[in-house]
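# After the sequence you'll find the predicted model.
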Amino acid sequence: MSTTRKRIIYIILIIAPLLCIFASLFVGRYPLSLPLVVKTLWGQIALINYNIPDMYQTLVWDVRMPRAILGAMVGGCLAVSGASFQGLFRNPLVSSGILGVSSGAGFGAALAIILFQGNTSAVYIFAFAFSMLAVLLSYLIGRVYNATPTITLVLGGVVVSSIFSALISFTKYVADPYQQLPAIVFWLMGSLATARYHDIIVAGIPMSIGIAGLIAIKWRINVLSMGDREAHSLGVNLAVDKGIVIICASLATAGAVCVSGIIGWVGLVIPHICRMIVGNDNRVLIPASLSLGACFLVLVDNVGRIITGSEMPLGILTALIGGPFFVWLLKKTKGGGW
């Protein structure tokens with residue numbers, strides 16, 4: 001890839017999420033004109049009084065802006081985690097929740113809804129804590145033979161996901177069917193409807209740590225994707241590097257899931273789309289996944305807000321888009337060449 005093309009790609013990757021966030025400020029039940037949105041934004045930034053009604057100020061700055069920013073953060077984190085895990089495990093069917101992060105977060109959130117009557121802070125804490133517990137259990141299962149082979153890590157994640165999925169079903173069974181059960185079901189389907197700046201700050205800490213770590217070691221993921229023998233022959237400490245990738249990707253995913261609920265397919269579909277655009281080099285693939293994942297989830301959230309009278313959960317839309325895409329991908333690649 002030429003230097004000029006790389007520069008163009010990086011410029012597009014930086015600008016695209018910003019444009020999607022800006023465009024989302026116009027989407028909703030209350031239409032806003034371009035001059036009104038621009039004046040509302042610039043008035044707050046430059047401290048200029050344009051006599052904009054408080055309703056529009058609140059709509060732009062307190063409702064749509066935090067929702068768009070959080071959507072971009074969540075989508076970017078899920079996509080980057082998925083791309084990192086696919087490179088680490090050398091498996092194109094691996095997603096960001098392969099080690100049980102999503103199932104663990106789902107059980108933690110459901111438990112918090114039952115015990116604390118849906119207290120938002122408790123839901124965030126329990127979802128994050130149980131998601132990281134799921135990763136720890138998957139890692140311990142993967143070290144059955146005092147090593148961390150790829151296949152045992154994946155199988156450990158499958159086992160842990162199944163256990164937490166069963167626990168989620170149990171919480172649904174014992175939950176109050178009038179208040180707690182609907183809240184659990186809605187959370188599990190994923191949504192950004194309650195996004196606030198507080199959510200961005202709270203979830204932004206683990207997400208930023210995870211993304212920064214993955215970007216810093218993106219070239220090592222290239223080495224790990226060559227296989228354990230090749231990586232070891234190049235002087236890579238497999239246990240340390242695998243642990244860093246798993247921890248960083250899990251932090252990013254856990255931070256995203258604890259504020260948005262379970263949103264599937266983003267970490268599976270977006271990395272494949274990025275590979276079709278920029279190739280398999282993780283030094284470019286990781287930033288591309290971050291940008292495209294952010295754009296994707298913001299756009300899907302916008303569709304969910306206008307497609308029906310009431311908002312459609314993100315998990316439903318991402319599944320409806322991700323399933324047909326993989327059918328098309330199988331047809332295009334004839335089941336191989338990924």
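That came in fine, so what should we check first?
# can we go C-alpha only for contacts and neighbour counts from here?
OK.
# Test my guess that Val266 contacts Ala72.
No - Val266 lies out of contact with Ala72 (C-alpha atoms under 8 Å); the separation is 11.8 Å.
# Tell me where the stretch 101-250 of the chain has helices.
Per DSSP state H, counting those that start in this stretch, the stretch 101-250 of the chain carries helices over the ranges 101-115, 120-142, 150-174, 180-189, 197-216, 218-224, 228-233, 238-260.
# ok, Val266 and Ala72, which is more surrounded?
For Val266 versus Ala72, neighbours defined as other C-alpha atoms under 10 Å are more numerous around Val266 (30 against 26).
# Can you point out the helix or strand that includes the closest residue in space to that one that isn't next to it in sequence?
The spatially closest residue to Val266, leaving aside those adjacent along the chain, is Ala79, at 5.8 Å (C-alpha to C-alpha, 6 or more residues apart in numbering). Using DSSP states H and E, Ala79 falls within helix 65-89.
# Common neighbours of Val266 and Ala72, please.
Gly293, Leu297 (C-alpha atoms under 8 Å, 6 or more residues apart in numbering).
# Excluding chain neighbours, what is closest to Ile125?
Cys258 (7.7 Å).
# try Arg67
Using C-alpha to C-alpha, 6+ apart, the closest residue to Arg67 is Ala195 (5.0 Å).
# what does stretch 109-116 rub up against?
By C-alpha under 8 Å, 6+ apart, the residues outside stretch 109-116 that reach it are 118-119, 122-124, 126-127, 168, 171-172, 175, 180, 183-184, 187, 258.
# so who does Gly322 touch?
Contacts of Gly322 (C-alpha under 8 Å, 6+ apart): Trp265, Val266, Val269.
# Where does it sit: helix, strand or coil?
The three-state label given to Gly322 by DSSP: H, G, I helix; E, B strand; the rest coil is helix.
# And it, how close does it get to Tyr30?
Computed as C-alpha to C-alpha, to the nearest Å, the Gly322 to Tyr30 distance reads 29 Å.
# ok, back up a step: the residue nearest to Ile125 and Ala129 touch, don't they?
No - counting by C-alpha under 8 Å, Cys258 does not reach Ala129; the two are 9.2 Å apart.
# okay, those two: which has more neighbours?
Cys258 (30 against 18).
# who's in contact with the more buried one?
By C-alpha under 8 Å, 6+ apart, the residues touching Cys258 are Ala105, Ala109, Val123, Tyr124, Ile125, Ala127, Phe128, Ala203.
# Out of those, flag the one nearest to Gly43.
Ala203 (27.8 Å; C-alpha to C-alpha).
# pLDDT value on the residue most central in space within the chain, please?
Nearest to the mean C-alpha position of the chain, by C-alpha atoms, centre = their mean, lies Leu78 at 2.5 Å. What the model reports for Leu78 is a pLDDT of 96.
# Count the neighbours of the closest residue to it other than its chain neighbours for me.
Counting by C-alpha to C-alpha, 6+ apart, Leu78 lies nearest to Gly267, which is 4.9 Å off, once chain neighbours are set aside. For Gly267, the neighbour count with other C-alpha under 10 Å is 30.
# do you know how far Gly267 is from Thr58?
Noted for Gly267: a distance of 32 Å to Thr58, by C-alpha to C-alpha.
# Ok, Ser310 next?
Using C-alpha to C-alpha, we find Ser310 at a distance of 20 Å from Thr58.
# which of these two has more neighbours?
The neighbour comparison of Ser310 against Thr58 (other C-alpha under 10 Å) goes to Thr58, with 13 against 9.
# Helix, strand, or coil at the residue of the chain positioned farthest from its centre?
Computed with C-alpha atoms, centre = their mean, the residue of the chain farthest from its C-alpha average is Asn51, at 38.0 Å. Three-state call for Asn51 (three-state DSSP): coil.
# Tell me how far it lies from Leu36.
Noted for Asn51: a distance of 11 Å to Leu36, by C-alpha to C-alpha.
# what number of residues lie near Val135?
For Val135, the neighbour count with other C-alpha under 10 Å is 28.
# Tell me the pLDDT of it.
94.
# okay but it is in contact with Gly97, surely?
No - shown here, Val135 and Gly97 do not form a contact pair, counting by C-alpha under 8 Å, at 9.4 Å.
# mind listing what's buried in the host helix or strand of Ser289?
Under the criterion of DSSP H and E, Ser289 resides in helix 282-306. Judged by neighbour count (16 or more other C-alpha atoms under 10 Å), helix 282-306 contains these buried residues: 282-305.
# So which other helices or strands are in contact with that helix?
In terms of contacts (3 or more C-alpha pairs under 8 Å, 6 or more residues apart in numbering; DSSP states H and E), helix 282-306 is packed against helix 3-24, helix 65-89, helix 197-216, helix 218-224, helix 266-278, helix 314-333.
# which one of those has the most crowded surroundings?
helix 65-89 (a mean of 28; mean count of other C-alpha atoms under 10 Å).
# Contacts only, for the nearest residue to Val284 once chain neighbours are set aside.
Distances taken as C-alpha to C-alpha, 6+ apart place Val278 nearest to Val284, at 6.8 Å, with adjacent residues excluded. Neighbouring residues of Val278 by C-alpha under 8 Å, 6+ apart: Val284, Leu285, Ala288.
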